[in-house]
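S.K.: sequence and predicted model, in that order:
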Amino acid sequence: MSNYSDDVKLNVVDASDDDRVTNKRRRRRWTVEELKQLSAAFGSCIRTKTMPSGKQITDLSKKMPGHTVAQIRTQINNLILGKRHMLP
């Protein structure tokens, strides 16, 4: 008769091997300067409630190394939808 614990093989995953843990990034708020830069670049688009082109957003992301295209697009969308307000 075999012991049950001898027949069971455990697959233990170390948390350091998990990509979700190692690729986690801290969120940070947009600074006033970054919002001013966004407003200067896309203020007219935000006021008319139209999204700028992907190329325009990509060009701005090159000038803002701390933010990806997706982050900039999301911020513009939140401004258009009124979830976030522009600086005066």
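M.R.: Okay, I see it. Numbering: from 1, shown residues only.
S.K.: would you map the helices across the protein?
M.R.: Using DSSP state H, the helices of the chain run over 4-7, 19-22, 32-48, 54-63, 69-81.
S.K.: and those, which is most packed in?
M.R.: Stretch with highest mean neighbour count among these: helix 69-81 (a mean of 16; mean count of other CB atoms under 10 Å). Just so you know, the C-beta spots here come from the backbone N, C-alpha and C atoms, and that holds for glycine as well.
S.K.: tell me the angle that helix makes with helix 54-63.
M.R.: If you take axes from the mean of the first three to the mean of the last three CA atoms, to 10 degrees, helix 69-81 sits at 110 degrees to helix 54-63.
S.K.: where does pLDDT dip in the protein?
M.R.: 1-23, 87-88 (pLDDT under 70).
S.K.: centroid-nearest residue for it?
M.R.: Taking CA atoms, centre = their mean as the criterion, Gln71 is the residue nearest the geometric centre of the chain, at 4.3 Å.
S.K.: OK, contacts around it?
M.R.: Under the criterion of CB atoms under 8 Å, 6 or more residues apart in numbering, Gln71 has no contact partners.
S.K.: please shift the residue numbers so they start at 212 in all later answers.
M.R.: Happy to do that; since the first residue is 212 now, the last one works out to Gln282.
S.K.: against Asp270, how distant is it?
M.R.: From Gln282 across to Asp270, the span is 15 Å (CB to CB, to the nearest Å).
S.K.: same deal with Ile287?
M.R.: 13 Å.
S.K.: for His278, give me its contacts.
M.R.: Counting by CB under 8 Å, 6+ apart, His278 has contacts Trp241, Glu245, Ser272, Gln286.
S.K.: isn't the third one up against Arg284?
M.R.: Just to be clear, that refers to Ser272. No: using CB atoms under 8 Å, Ser272 is not in contact with Arg284, being 9.3 Å away.
S.K.: noted, bye for now.
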